[in-house]
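Colleague: Can you look at this prediction? I've put the sequence above it.
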Amino acid sequence: MHPDWLIPDWPAPAGVRALFTTRAGGTSAAPYDTMNLGDHVGDVPERVAANRALLGQSMGAAPVFLQQVHGTAVLAVRPDTAHGPPADATTTSQRGVACTIMVADCLPVLFTTTDGAVVAAAHAGWRGLAGKQGRGILEETCECFMALALMRRAQSATNTIAWLGPCIGPDAFEVGADVRFAFVDGDPRAAACFAALASGKYLADLAGLARLRLQAQGVTQIYGNDGSAPWCTVGNASRFFSHRRDAGVSGNGFNTTGRMAACIWRE
């Protein structure tokens, strides 16, 4: 694997592997330089395909790329699952297939049972995280993940481990009052994750909001993104792609920002 890619520092069981790609190690030219994995952002298709092949070779597992729609659908994947199904999270108990989420400011969340029998990955932008009536992508992922674990007679939800990857940080994520209301209306504790600005808007702590949602689902072992500067995709331009930072539009009408991937798999 490329030395710049992130390997989660968490107590994952033997046989469970995970990574988070950065901008480094691929074949794409600027502004997608170099490890762009998104096939919907205007990059040369052959370069995206080469980057995806590099990722699979590095892992020794087959990544399944989704059509992410900021929703709450969760898909169970197998080694023969085709790319492109509309969903924002995947889970599996199969070996050799990687649950894969692409991001460029949204929060990736990886899951494993403590016995390593089941893994999952979720794409948590604010819309998917908030969901409807307090039920969003993390609640749906936990439910599907736990159901699969029970089928496998794996560890219960209280023995789930989660890792939060890089995302837009709490000093960069400016949102309106509607976003704050979407979270605080169902959970007053979420107010602590918003800092008021003089403009009437707020700075939001996306990783902090995810921690609250996971804790409400009984997940207490949560590692990774703590909201500090090194985890912010916006503030680390040489290492991370950022949709909000690099929102320039190219002549072909695409947003000129690449996509990184968070992957988890059973060896």
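Modeller: Noted; the coordinates are in hand.
Colleague: Mind listing what's buried along the lowest-mean-pLDDT helix or strand in the chain?
Modeller: Least confident element among the helices and strands of the chain, by mean pLDDT, DSSP states H and E: helix 137-151 (a mean of 93). By 16 or more other C-beta atoms under 10 Å, the buried positions in helix 137-151 come out as I137, L138, E139, E140, T141, C142, C144, F145, M146, L148, A149. C-beta coordinates here come from the backbone N, C-alpha and C atoms, glycine included.
Colleague: Just the C-alphas of it, formatted as CSV.
Modeller: Taking Å, rounded to 0.1, in the frame of the first residue of the first chain, the C-alpha atoms of helix 137-151 are listed here in CSV:
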residue,chain,number,x,y,z
ILE,A,137,-27.4,6.0,7.7
LEU,A,138,-25.7,5.0,10.9
GLU,A,139,-28.8,3.6,12.5
GLU,A,140,-29.6,1.7,9.3
THR,A,141,-26.1,0.4,9.0
CYS,A,142,-26.0,-0.8,12.6
GLU,A,143,-29.3,-2.6,12.2
CYS,A,144,-28.2,-4.5,9.1
PHE,A,145,-24.7,-5.1,10.5
MET,A,146,-26.1,-6.6,13.7
ALA,A,147,-28.7,-8.7,11.8
LEU,A,148,-25.8,-10.2,9.7
ALA,A,149,-23.8,-10.7,12.9
LEU,A,150,-26.6,-12.6,14.5
MET,A,151,-27.0,-14.8,11.4
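Colleague: right, and the helix or strand after that helix?
Modeller: Later in the chain than helix 137-151, the nearest helix or strand by DSSP states H and E is strand 160-164.
Colleague: Return the distance of the helix or strand just after that following strand from the chain's centre.
Modeller: For strand 160-164, the succeeding helix or strand toward the C-terminus, using DSSP H and E, is strand 174-175. Chain-centre distance of strand 174-175: 19 Å, with C-alpha atoms, centre = their mean, to the nearest Å.
Colleague: Please list the residues outside the following helix or strand past strand 174-175 that contact it.
Modeller: Counting by DSSP H and E, the element after strand 174-175 in chain order, helix or strand, is helix 177-184. For helix 177-184, the surrounding residues in contact (C-beta atoms under 8 Å, 6 or more residues apart in numbering) are W126, L129, A130, A190, A191, C193, F194, G200, K201, Y202, A204, L209.
Colleague: can I get the residues you listed in TSV with distance to V103?
Modeller: Shown next, in TSV, are those (distance: C-beta to C-beta, whole Å):
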residue	distance to V103
W126	13
L129	13
A130	17
A190	21
A191	26
C193	19
F194	21
G200	28
K201	23
Y202	22
A204	16
L209	16
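Colleague: Among those, name the buried ones.
Modeller: By 16+ other C-beta under 10 Å, the contacts of helix 177-184 give W126, L129, A130, A190, C193, F194, K201, Y202, A204, L209 as buried.
Colleague: for the closest residue to D171 other than its chain neighbours, helix, strand, or coil?
Modeller: Nearest non-adjacent residue to D171, counting by C-beta to C-beta, 6 or more residues apart in numbering: L203, 6.5 Å away. Secondary structure state of L203, per DSSP: H, G, I helix; E, B strand; the rest coil, is strand.
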